[in-house]
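J.: Sequence and predicted model, in that order:
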Amino acid sequence: AKAKPLVIDYDDPDYAADAPYPKGERIGTLDYEDFVAGGDVAFAWSMPDDEWDAISLNYTSGTTGNPKGVVYHHRGAALMAYTNTIHAGMAKHAVYLWTLPMFHCNGWCFPWTLAVQAGTHVCLRWVRAKPMYDA
């Protein structure tokens, strides 16, 4: 790529020792806490002009294993969140254990699905079988 992506580092003290990058090694130029602290509390956000406007840009490998980008629009994300509740048989106040990364197509819209159901997200720092079964 000609443009370098913005990488924000978060050095998680509870992440496993055999994580992709050794403890303390940074790959970006910004620290997460510094980035958040630099936000503007008076920022005036606005609703989208059109329900077909993009709400997120995501990554997927799809069935081919080749990385690709996926764009959700506001209307599609809302419809997917509603239909996920039906497809998954999700009741009000559901508890959802995340095994699919949220960055992978926004977890197929399940972050929004849990919001629709006033649900609880259960996130493991490192998705591995033993902690999942323990949870």
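T.: In hand now; what should we look at?

J.: Low-confidence bits of the protein, can you list those?
T.: For the chain, residues meeting the criterion pLDDT under 70 lie at 14-24.

J.: That one: helices as residue ranges?
T.: 32-37, 74-87, 105-108, 110-116, 129-134 (DSSP state H).

J.: Indicate which one of the ones you listed is closest to Thr99.
T.: Distance to Thr99, taken as Cβ to Cβ, is lowest for helix 129-134 among the helices of the chain, at 6.6 Å. No exception for glycine: its C-beta is placed from N, CA and C like everyone else's.

J.: residues making contact with that closest one?
T.: The contact list for helix 129-134, computed with Cβ atoms under 8 Å, 6 or more residues apart in numbering, reads Leu97, Thr99, Leu124.

J.: in stretch 107-124, what's buried?
T.: Buried residues in stretch 107-124, counted by 16 or more other Cβ atoms under 10 Å: Gly107, Trp108, Cys109, Phe110, Pro111, Trp112, Thr113, Leu114, Val116, Gln117, Gly119.

J.: Distance to Val41 for those - can I get that in TSV?
T.: Formatted as TSV, the buried residues of stretch 107-124 follow (distance: Cβ to Cβ, whole Å):
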residue	distance to Val41
Gly107	28
Trp108	32
Cys109	29
Phe110	29
Pro111	23
Trp112	24
Thr113	29
Leu114	26
Val116	27
Gln117	29
Gly119	28
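
J.: Which one of the contacts of helix 129-134 is nearest to Met90?
T.: The closest of the contacts of helix 129-134, once distances to Met90 are taken by Cβ to Cβ, is Leu97, at 12.7 Å.

J.: Of all the helices of the chain, which one is nearest Tyr10?
T.: Per Cβ to Cβ, nearest to Tyr10 of the helices of the chain: helix 32-37, 4.0 Å.

J.: Buried ones in the closest one, by neighbour count?
T.: Going by 16+ other Cβ under 10 Å, helix 32-37 has no buried residues at all.

J.: Might you quantify the distance of that helix from its chain's geometric centre?
T.: 18 Å (Cα atoms, centre = their mean, to the nearest Å).
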